[in-house]
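Novice: predicted structure and sequence below. I'll ask about it afterward.
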Amino acid sequence: MTAWGESLGVEGSIVSLLGDPTCAFTKALDLVMDHPGPVSVLGNARSKRFAIFFDDGVAKAVNVSEFEGDPSGDSDPSASCVEAMLKTIS
């Protein structure tokens, strides 16, 4: 995650990139993407495409990009992008 943060230019900023290799956090949030389409390609369940806004350690907003026929949100990830989150929290 450190290398990804550095490549995005967010390492050392207020943005935190966190891994979830055992899917424990994803399962606790009920954000597991277990649709048979992506699982058949990826080989196992993954997290849905989502963004969470935390304020002082408390989750205040969750935006998820998933649609009928597009469980991974690949065709339109905008719901979990920064613009949508800024709109949600404003």
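Specialist: Ah, there it is. Numbering: from 1, shown residues only.
Novice: alpha carbons only for contacts and neighbour counts from here, please
Specialist: Fine.
Novice: which stretches in the protein count as strands?
Specialist: Per DSSP state E, the chain carries strands over the ranges 32-33, 46-47, 49-55, 58-65.
Novice: so what's the closest residue to Ala59 other than its chain neighbours up against?
Specialist: Nearest residue to Ala59, sequence neighbours excluded (CA to CA, 6 or more residues apart in numbering): Phe53, at 5.8 Å. Contacts of Phe53 were listed using CA atoms under 8 Å, 6 or more residues apart in numbering, and they are 59-62, 85, 89.
Novice: quick one: residues contacting Asp20.
Specialist: When contacts are taken as CA under 8 Å, 6+ apart, Asp20 is in contact with Thr26.
Novice: try 7 Å this time
Specialist: Going by CA atoms under 7 Å, 6 or more residues apart in numbering, Asp20 touches no other residue.
Novice: same deal with Glu11?
Specialist: 2, 5.
Novice: quick check: pLDDT value at it.
Specialist: Note on Glu11: pLDDT of 86.
Novice: also Glu6?
Specialist: In this model, Glu6 carries a pLDDT of 89.
Novice: try Leu42
Specialist: The model's pLDDT for Leu42 equals 80.
Novice: now the contacts of Phe53: which count as buried?
Specialist: Among the contacts of Phe53, those classed as buried by 16 or more other CA atoms under 10 Å are 62, 85.
Novice: just flag the most distant two among the contacts of Phe53.
Specialist: Ala59 and Met85 (12.5 Å; CA to CA).
Novice: where in this structure is the helix or strand with the lowest mean pLDDT?
Specialist: helix 36-42 (a mean of 81; mean pLDDT, DSSP states H and E).
Novice: please save the CA atoms from it in CSV.
Specialist: Listed next in CSV are the C-alpha coordinates belonging to helix 36-42 (Å, rounded to 0.1, in the frame of the first residue of the first chain):
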residue,chain,number,x,y,z
PRO,A,36,-20.5,-15.1,-9.6
GLY,A,37,-19.4,-13.1,-12.6
PRO,A,38,-16.4,-11.3,-11.0
VAL,A,39,-15.6,-14.3,-8.7
SER,A,40,-15.3,-16.6,-11.7
VAL,A,41,-12.7,-14.3,-13.2
LEU,A,42,-10.9,-13.2,-10.0
